[in-house]
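Asker: The amino acid sequence is not available; the structure is as follows:
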């Protein structure tokens with residue numbers, strides 16, 4: 001059986017037993033989600049790359065030293081490490097809440113109903129996503145974090161609750177308030193976020 005066919009749990013066990021290629025499979029499997037989360041939080045490609053590398057160095061060291069506890073999903077654990085490294089970076093730099101939106105272009109709500117058929121649809125879709133993403137930055141930090149973890153990283157509300165050390169109801173409440181606040185921001189700015 002190829003390594004890619006194993007679960008995260010099985011690959012972790014294999015790595016702890018000395019199979020170095022197992023961790024490479026884990027990194028390849030989760031690199032896009034982890035990098036996207038980091039980039040969305042720091043909005044700087046070079047910094048995101050550095051924190052991404054630091055995250056997986058810490059993951060490997062933690063696995064080697066037996067610090068990993070199988071009490072949830074592996075990806076949630078990795079995201080938590082990345083999240084803590086981001087906080088550490090901003091604490092050191094004393095720049096919490098000083099994000100730049102200049103280099104930022106990505107899709108917030110990537111769903112089938114946004115499937116593109118023409119060049120015009122693509123342009124409108126990109127504009128809608130950019131407008132929504134800019135509005136997310138105006139949300140309070142706790143609401144913004146839930147939106148990013150849910151819609152960019154793809155975590156369940158259970159995983160988000162574990163990640164942010166709150167109850168599932170609190171995570172759901174933060175998402176609800178985030179959506180209410182986004183609607184208010186859309187109305188205040190008189191934005192049209194539909195296209196057909």
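Answerer: The structure has been received and is ready for your questions. This one's a predicted model, so the numbers in the text were calculated from it and none came from an experiment. Numbers count the residues shown, from 1 in each chain.
Asker: Return the backbone torsion pair for residue 7.
Answerer: phi -70, psi 170 (degrees, to the nearest 10).
Asker: how close does it sit to residue 130?
Answerer: According to C-beta to C-beta, to the nearest Å, residue 7 and residue 130 sit 37 Å apart. Using the backbone N, CA and C atoms, a C-beta is placed for each residue, glycine as well.
Asker: the more surrounded of the two?
Answerer: Taking other C-beta atoms under 10 Å, residue 7 and residue 130 do not tie; residue 130 has more neighbours (16 against 9).
Asker: Next one: that one from residue 175, what distance?
Answerer: From residue 130 to residue 175 the distance is 21 Å (C-beta to C-beta).
Asker: Same check on residue 146?
Answerer: For residue 146, the distance to residue 175 - C-beta to C-beta - is 5 Å.
Asker: How about residue 131?
Answerer: 19 Å.
Asker: The spatially most central residue of the chain sits in which helix or strand?
Answerer: Compute the mean C-alpha point of the chain, and by C-alpha atoms, centre = their mean the closest residue is residue 37, 2.8 Å away. Per DSSP states H and E: residue 37 is located in helix 20-42.
Asker: Which parts of this structure belong to which domain?
Answerer: The chain is divided into the following domains under automatic domain parsing: 1-101, 105-196.
Asker: mean pLDDT for those domains: which is lowest?
Answerer: Least confidently modelled of the domains of the chain is domain 105-196, at a mean of 74 by mean pLDDT.
Asker: Who are the contact partners of residue 37?
Answerer: 79, 82, 83, 148, 149, 152, 153 (C-beta atoms under 8 Å, 6 or more residues apart in numbering).
Asker: now those residues in CSV, with secondary structure and neighbour count?
Answerer: CSV is the format used below for these (DSSP: H, G, I helix; E, B strand; the rest coil; neighbours: other C-beta atoms under 10 Å):
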residue, secondary structure, neighbour count
79, helix, 24
82, helix, 25
83, helix, 19
148, helix, 21
149, helix, 24
152, helix, 21
153, helix, 21
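Asker: Show me which of these is closest to residue 170.
Answerer: Of all those, residue 170 sits closest to residue 149, with 13.2 Å by C-beta to C-beta.
Asker: That closest one contacts residue 155, doesn't it?
Answerer: Yes: with contact defined as C-beta atoms under 8 Å, residue 149 counts as touching residue 155 (4.8 Å).
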